[in-house]
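1. the following comprises the amino acid sequence and a computationally predicted model.
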Amino acid sequence: MAAASASASTQCFNSRLPLTDNCHSYPRHGGSSILRLQLSQIPKSLSLSSSSSSIGGAVERKDHIPQRSSFAQTAAVRHLVGSVTATQGLRFAVVVARFNEIITKQLLEGALTTFKNYSIQEEDVDVVWVPGSFEIGVAAQRLGSLGRYHAILCIGAVIRGDTTHYDAVANSAASGVLSAGLKSGVPCVFGVLTCDNMEQALNRAGGKSGNKGAETALTARSFIHTSLVSTQAKHQITGSDCIHEKGSLKLHSTLPPSPSLLITNSQQSQTPTLLFPPAKQSVAAIVFGDGHESQLYPLTKRRSQGAIPIAANYRLIDSVVSNCISSNINHIYALTQFNFTSLNSHLSRAYSGVGLGNEGFVEVIAAYQSPGNNGWFQGTADAVRRCLWVLEEYPMTEFLVLPGHHLYRMDYQKLLKAHRDNKAHITVAASIARKLHDPGFGFLDVNSENQVVEFRLKLEGKPVNVVSAKSSRESKDTAQNSMTSMGIYLINRDIMKRLLEEDFPKANEFASEVIPGAISIGMKVQAYGFDGYWEDMRNIEAFYQANMQSTKDADVGYNFYDRESPVYTLRRCLPPTHITDDCVITNSVIGDGCILNGCRIKDTVIGTRTRIGDGAMIEDSVIMGSTIYQYQSQTEGGEKRKVPIGIGEHTFVRKAIIDKNARIGKNVKIMNKDKAQEADREAKGYVIRDGIVVVVRSAVIPDGTVL
């Protein structure tokens with residue numbers, strides 16, 4: 001892997017495309033790179049002159065074409081005599097995953113050899129390396145949107161024996177490549193090799209079973225060649241979309257047009273000029289998958305906060321991403337660091353084009369180390385500072401910083417309007433419905449114009465760590481009101497750069513350093529009052545209550561059923577929940593694909609694929625479900641296997657949270673029999689927080705146990 005991430009110049013196969021002029025190789029995820037190409041290099045049109053023409057890449061002289069009185073007849077003859085194998089002028093990009101590099105290198109070699117065999121020049125092929133299959137679709141979409149390639153090859157290798165979440169990776173790669181082609185309008189050829197073991201992969205990467213990379217290249221070349229020839233023949237014979245002028249025939253390019261309102265030509269600067277960005281594309285959202293200090297353990301033992309399941313079918317981060325989609329914010333970056341595997345998988349699979357339009361995306365940027373930064377992200381501000389090179393890729397005017405583990409519904413366009421109307425440098429969303437809330441985000445003292453005049457932060461559990469900042473601006477009145485910061489910040493792009501790189505280059509956190517610092521140096525910081533439901537999931541009790549409210553008919557809590565502002569999540573191909581006729585279910589939420597046999601369920605959230613046995617009783621609880629269906633053969637052998645995934649017969653559960661893939665045996669009682677408020681019994685498969693029993697993920701509770 002070290003050799004694979006050598007110098008930036010090796011990332012680009014095109015020998016005539018120096019990184020200093022036409023492309024940039026940026027470090028991503030531990031040293032790998034992604035290619036950046038300037039929009040000024042997008043070809044504007046394909047041209048055929050009267051003296052020579054290019055059909056499928058073949059060049060023909062005028063004297064080879066019989067003279068015809070009809071333009072259509074002449075065009076038809078020129079088409080028929082054209083070469084069917086020449087490929088002059090075709091450009092390809094190849095996106096290659098570094099994961100399983102011993103395989104993907106051979107696949108890449110096969111693709112490049114095939115290109116060479118079909119006379120495709122080296123300078124017409126660009127190679128981009130990405131960390132793994134999750135990132136293939138993102139890179140392919142970006143390259144396709146540049147408009148300079150006729151096709152994009154996507155090469156990777158997913159091996160079941162080496163990948164614990166094999167299906168998730170394979171499905172994500174497939175959906176990502178499909179989405180990239182649909183969004184960019186450029187054919188993206190899926191060449192990701194999926195095998196059961198390494199031996200099989202080696203055979204498909206150059207052994208006795210051929211080379212998947214070569215097959216992918218051949219498919220791309222054949223598809224594009226056929227498409228171009230048929231498109232040109234159509235134009236020539238029908239004359240549609242053609243301009244016949246001074247003996248020349250000019251065809252409109254079959255490549256996607258360059259983005260609207262971008263002005264560039266040979267007489268202008270190589271940097272595209274944006275007249276004004278479309279309203280929905282002027283703001284980029286930055287979503288953090290983790291909170292400042294999580295008190296949701298053990299739910300966060302193997303996942304980040306944003307990935308915690310809620311209300312049977314959703315993840316916490318779905319609420320925030322759905323707010324962005326409903327608010328027409330379609331450039332969304334998710335910054336992740338701790339236990340990010342589950343969250344990254346969910347985001348890449350769930351939001352491949354959902355409501356995001358042709359230009360939109362949800363891009364995961366995982367914490368990485370580079371030669372200039374050997375450590376991980378030190379906080380929210382440090383993470384944004386180190387990712388500015390990605391965030392500045394599009395001509396945004398503001399950045400919207402969002403915690404990814406909060407539950408609320410907000411129209412960010414109203415926040416944006418207030419920010420612009422007030423000509424603010426920073427706008428902080430503040431809750432006016434619940435003034436005494438999570439102290440980790442701070443309290444804002446505002447004047448009658450909602451301008452922040454003082455900021456106070458007292459970190460929970462650390463009474464000596466108090467941050468206070470007063471604005472150096474003169475306040476127009478003395479009347480002040482106090483609000484609770486929600487940790488949501490709308491910051492002007494140039495202000496973000498100045499704060500992170502010039503004013504506070506060592507600051508790690510927005511809440512405790514950057515926002516108070518901006519107030520203290522006199523920047524205009526406004527508060528945006530929000531009076532709707534908001535829960536920041538600060539602890540187990542808050543998470544439990546949010547789930548319980550989802551089971552109520554009353555108009556309280558978060559509404560997961562709002563048609564005007566739906567909550568998006570991963571689409572699962574699961575069967576309907578099966579409920580036997582002797583079940584009794586009241587005031588409960590049941591997820592997809594459950595199997596409920598003769599049980600009684602009351603005021604409970606039942607997650608996907610949950611199996612509950614005969615005679616079981618579940619009350620006031622959150623059952624997160626499981627990630628797999630367990631067959632009878634899987635329960636044989638070994639003590640752990642004797643208890644299947646799910647809840648056994650005649651088991652009683654009250655006021656508990658059962659994490660995924662837990663194995664609860666028969667005749668078990670989970671009821672906090674000692675009425676404890678706190679208890680650490682993780683070695684036995686459970687803990688107690690705020691009087692709530694939390695059974696940890698994949699725990700085994702034997703038959704007859706009483707908790």
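-> Received, thanks. Numbering: from 1, shown residues only.

2. now Q630: which helix or strand?
-> Q630 is part of no helix or strand, with elements assigned from DSSP states H and E.

3. might you report the residue contacts of the residue lying closest to it once chain neighbours are set aside?
-> Nearest-residue entry for Q630: I645, 4.6 Å, with adjacent residues in sequence omitted and distances by Cβ to Cβ, 6 or more residues apart in numbering. Heads up, the C-betas are built off the backbone N, CA and C, glycines and all. Neighbour list for I645: R611, S626, I628, Q630, N661, A662, R663 [criterion: Cβ atoms under 8 Å, 6 or more residues apart in numbering].

4. do L402 as well
-> L402 touches A285, I286, V287, F288, V320, C324, I488, counting by Cβ under 8 Å, 6+ apart.

5. same thing but 7 Å
-> L402 makes contact with A285, I286, V287, V320, I488, according to Cβ atoms under 7 Å, 6 or more residues apart in numbering.

6. now, which of these sits nearest L407?
-> V320 (8.8 Å; Cβ to Cβ).

7. give me the mean pLDDT for the host helix or strand of the closest one.
-> Element membership of V320 [criterion: DSSP H and E] is helix 316-326. In this model, helix 316-326 carries a mean pLDDT of 93.

8. need the residues that contact that helix.
-> 285, 287, 289, 305-308, 310, 332, 343, 351, 354-356, 362, 402, 404-410, 412, 537, 565-569.

9. and the next helix or strand past that helix?
-> That would be, after helix 316-326 and using DSSP H and E, strand 331-336.

10. angle of the longest strand along the chain against helix 316-326?
-> Across the chain, the strand with the greatest residue count (assigned by DSSP state E) is strand 481-492. Our comparison of strand 481-492 with helix 316-326, counting by axes from the mean of the first three to the mean of the last three Cα atoms, to 10 degrees, yields an angle of 70 degrees.

11. can you show me the CA trace of strand 481-492 as CSV?
-> Extracted in CSV, the C-alpha atoms of strand 481-492 (Å, rounded to 0.1, in the frame of the first residue of the first chain):
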residue,chain,number,x,y,z
ASN,A,481,-32.6,37.6,25.8
SER,A,482,-30.9,34.3,26.4
MET,A,483,-31.1,31.4,23.9
THR,A,484,-29.5,27.9,23.7
SER,A,485,-27.2,27.3,20.8
MET,A,486,-28.1,24.3,18.7
GLY,A,487,-24.6,23.9,17.3
ILE,A,488,-25.8,24.9,13.9
TYR,A,489,-23.7,27.6,12.2
LEU,A,490,-24.1,29.3,8.8
ILE,A,491,-20.8,30.9,8.0
ASN,A,492,-19.8,33.0,4.9
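
12. relative to that strand, what are the paired strands and their orientations?
-> Strand pairing for strand 481-492, determined by DSSP bridges: strand 398-403 (antiparallel), strand 426-431 (antiparallel), strand 443-446 (antiparallel).

13. after that strand, next one along is what?
-> That would be, after strand 481-492 and using DSSP H and E, helix 493-498.

14. remind me what that following helix packs against, helices and strands.
-> strand 398-403 (3 or more Cβ pairs under 7 Å, 6 or more residues apart in numbering; DSSP states H and E).

15. sheet partners, orientation included, of the next helix or strand after the strand it packs on?
-> Using DSSP H and E, the helix or strand that follows strand 398-403 in sequence is strand 407-408. As defined by DSSP bridges, the strand partners of strand 407-408 come to strand 534-535 (antiparallel).

16. so for the helix or strand where I657 lies, mean pLDDT?
-> Taking DSSP H and E as the definition, I657 sits inside strand 656-658. Per-region confidence: strand 656-658 scores 97 on mean pLDDT.

17. do the same with stretch 143-162
-> In this model, stretch 143-162 has a mean pLDDT of 82.

18. just the buried positions in it, please.
-> Across stretch 143-162, burial judged by 16 or more other Cβ atoms under 10 Å covers 143-160.

19. ok so, going back, quick one: which of the contacts of I645 is nearest I692?
-> For the contacts of I645, the nearest to I692 is A662 (14.8 Å; Cβ to Cβ).

20. V694 is in contact with the closest one, correct?
-> No. Between A662 and V694 there is no contact under Cβ atoms under 7 Å: 10.2 Å.

21. CA atoms of the strand or helix carrying L416 as CSV?
-> Secondary structure from DSSP H and E places L416 in helix 412-421. What follows is helix 412-421, C-alpha atoms only, in CSV (Å, rounded to 0.1, in the frame of the first residue of the first chain):
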residue,chain,number,x,y,z
TYR,A,412,-32.6,25.9,6.2
GLN,A,413,-33.7,28.3,3.5
LYS,A,414,-35.4,30.4,6.2
LEU,A,415,-32.1,30.4,8.1
LEU,A,416,-30.3,31.4,5.0
LYS,A,417,-32.7,34.2,4.2
ALA,A,418,-32.3,35.6,7.8
HIS,A,419,-28.6,35.4,7.4
ARG,A,420,-28.5,37.3,4.2
ASP,A,421,-31.1,39.9,5.2
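
22. just the angle between that helix and strand 426-431, please?
-> 130 degrees.

23. counting by contacts, list what helix 412-421 packs against.
-> strand 426-431, strand 481-492, strand 525-530.

24. contacts for the second one?
-> Residues outside strand 481-492 that contact it (Cβ under 7 Å, 6+ apart): 398-403, 415-416, 419, 425-432, 434-435, 437, 441-446, 510-511, 515, 527, 529-530, 534.

25. buried residues, the strand holding I657. List them.
-> A656, I657, I658.

26. show the contacting residues for the first one.
-> In this case it means A656. S621, I670, I692, V693, V695.

27. assign the spatially closest residue to it that is not a sequence neighbour to helix, strand or coil.
-> Spatial nearest neighbour of A656, excluding adjacent residues (Cβ to Cβ, 6+ apart): V693 at 4.2 Å. At V693 the chain is in strand, as set by DSSP: H, G, I helix; E, B strand; the rest coil.

28. wait, V693 touches K675, no?
-> No. V693 is beyond contact range of K675, at 11.2 Å (criterion: Cβ under 7 Å).

29. just the buried residues of the contacts of helix 316-326.
-> 285, 287, 289, 305-308, 310, 332, 343, 351, 354, 356, 362, 402, 404-410, 412, 537, 567-569.

30. ok, the nearest residue to N559 once chain neighbours are set aside to D318 distance?
-> What sits nearest to N559 in space, not counting adjacent residues and going by Cβ to Cβ, 6+ apart, is R409, at 7.2 Å. Distance, R409 to D318, by Cβ to Cβ, to the nearest Å: 12 Å.

31. repeat for N672
-> From N672 to D318 the distance is 30 Å (Cβ to Cβ).

32. one more: Y561?
-> With Cβ to Cβ as the criterion, Y561 and D318 are 14 Å apart.

33. buried residues in the helix holding L416, which are they?
-> Y412, L415, L416, A418, H419.

34. tilt between that helix and strand 525-530?
-> Using the same axes, to 10 degrees: helix 412-421 against strand 525-530 is 150 degrees.

35. which other residues reach helix 412-421?
-> Residues outside helix 412-421 that contact it (Cβ under 7 Å, 6+ apart): 283, 323-324, 327-329, 398, 400, 427, 429, 490, 526, 528.

36. can you give me the end-to-end distance of stretch 542-557?
-> 11 Å (Cα to Cα, to the nearest Å).

37. V693 and K675: who's more crowded?
-> V693 (23 against 8; other Cβ atoms under 10 Å).

38. report the contact partners of the more buried one.
-> K655, A656, I670, N672, Y686, L707.

39. please redo it, this time with the cut-off set to 8 Å
-> Contacts for V693 (Cβ under 8 Å, 6+ apart) come out as K655, A656, I657, I670, M671, N672, Y686, V687, L707.
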